[in-house]
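Visitor: next comes the sequence, and after it the predicted model I'd like to discuss.
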Amino acid sequence: MLEDVMVDDVAELVASLNFAEKVERSRQLIRLALEEYGSGLVVANSLGKDSVAVWHLAKSVSADIGGFIVTTRYKPPETVQFMREEVARYPELRVFRNDVEIPDNLHQTDPDRCCDLLKVEPTRRAIEQMNVTCWVTGLRCTEGRTRTDFKEVEERDPGLIKLNPILIWHEREVWQYLALHQVPVNPLYAQGYRSLGCAPCTRITLGADERAGRWIGTSKCGGECGIHTRPLKAVAQGR
């Protein structure tokens, strides 16, 4: 059971486990979740380095694990092409998006609303339509200031478990895993990006915070799109 391996002090795990131990722990978390939730376990693949690492980990546990991608009209062409390649490699990856009409500058005037419409809403649909009871993410507590309070196993929505199997990995360990297993990655990383999002709201930056280049010049700078902070399951089911 997942609860048997849950810990309160994830910071201790970050510091005490070596790379190989973290990889094994991540696989164990996915394996236990799969035993508990079966086909209700689904990977959310954002097409970033962390997500493709988690997707590869999940597939190493079971080839039958499914996943979904949420895309928007503002994704860079490199991300769109990489998405097509990923879906060609893994046809079980379902793509969700919201084509609702919005003001052209909504990402500047109300970035929270823009993210709610273009990212959170299709995530809710994905969870509803794919009958998800446990969704797997690439969140890491070492990524930035907004991600330090997450746990490896969470239930922020009643009836919907969120599993963060690489929560305790460092950025360098993600790249180590991807290199060792020759996992294809989004070509934008070769241009200097460290965190990927929509084109108008993502910049190349320097410094310790990987997410510092997200939503620069807005109240969301370095923050969250809302997928990990807004209700998902309850709204999708109309409760």
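Guide: On my side now, so go ahead. A quick note: this is a predicted structure, and the numbers were derived from the prediction, not measured.
Visitor: which positions within stretch 215-228 qualify as buried?
Guide: Of the residues in stretch 215-228, those scored as buried under the neighbour-count criterion (16 or more other CB atoms under 10 Å) are 215, 218, 220, 222, 223, 224, 225, 226, 227, 228. All C-beta atoms are positioned from the backbone trio N, CA, C, and that covers glycine.
Visitor: what is the nearest of these to residue 166?
Guide: Of all the buried residues of stretch 215-228, residue 166 sits closest to residue 228, with 14.2 Å by CB to CB.
Visitor: which neighbouring elements make contact with the helix ranked longest in the chain?
Guide: With residue count as the measure and DSSP state H as the assignment, the chain has helix 19-37 as its longest helix. If you count contacts as 3 or more CB pairs under 8 Å, 6 or more residues apart in numbering; DSSP states H and E, helix 19-37 packs onto strand 41-44, helix 49-61, strand 134-136, strand 160-163, helix 171-180.
Visitor: kindly format the C-alpha coordinates of the second one as CSV.
Guide: The C-alpha atoms that make up helix 49-61 are tabulated as CSV, following Å, rounded to 0.1, in the frame of the first residue of the first chain:
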residue,chain,number,x,y,z
LYS,A,49,11.9,17.1,-18.9
ASP,A,50,10.3,16.0,-15.6
SER,A,51,7.2,14.7,-17.2
VAL,A,52,9.0,12.6,-19.8
ALA,A,53,11.2,11.2,-17.1
VAL,A,54,8.1,10.2,-15.1
TRP,A,55,6.4,8.8,-18.3
HIS,A,56,9.5,6.7,-18.9
LEU,A,57,9.5,5.5,-15.3
ALA,A,58,5.9,4.6,-15.5
LYS,A,59,6.3,2.7,-18.7
SER,A,60,9.2,0.8,-17.1
VAL,A,61,6.7,-0.4,-14.4
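Visitor: I'd like the next helix or strand past it.
Guide: Read in the C-terminal direction, the helix or strand following helix 49-61 is strand 66-70, with elements assigned using DSSP states H and E.
Visitor: next, the angle from that next one to helix 49-61.
Guide: Angular relation of strand 66-70 and helix 49-61 on a 0 to 180 degree scale: 160 degrees, by axes from the mean of the first three to the mean of the last three CA atoms, to 10 degrees.
Visitor: name every strand pairing with strand 66-70 and say which way it goes.
Guide: Sheet pairing for strand 66-70, assigned by DSSP bridges, gives strand 41-44 (parallel), strand 93-96 (parallel).
Visitor: what's the most buried one of these?
Guide: Using mean count of other CB atoms under 10 Å, the stretch among the strands paired with strand 66-70 with the greatest mean number of neighbours is strand 41-44 (a mean of 25).
Visitor: ok, residue 103 - contacts?
Guide: Taking CB atoms under 8 Å, 6 or more residues apart in numbering as the contact definition, residue 103 lies against residue 109.
Visitor: how is it assigned, secondary-structure-wise?
Guide: Following DSSP: H, G, I helix; E, B strand; the rest coil, we place residue 103 in the coil state.
Visitor: now do it, the pLDDT please.
Guide: Residue 103 is assigned a pLDDT of 95 by the prediction.
Visitor: any idea how far residue 50 is from it?
Guide: The spacing between residue 103 and residue 50, counted by CB to CB, to the nearest Å, is 31 Å.
Visitor: also residue 168?
Guide: To residue 50, residue 168 is 12 Å away according to CB to CB.
Visitor: cool, and residue 107?
Guide: The spacing between residue 107 and residue 50, counted by CB to CB, is 23 Å.
Visitor: residue 182 now?
Guide: Using CB to CB, which is the criterion applied here, residue 182 is 17 Å from residue 50.
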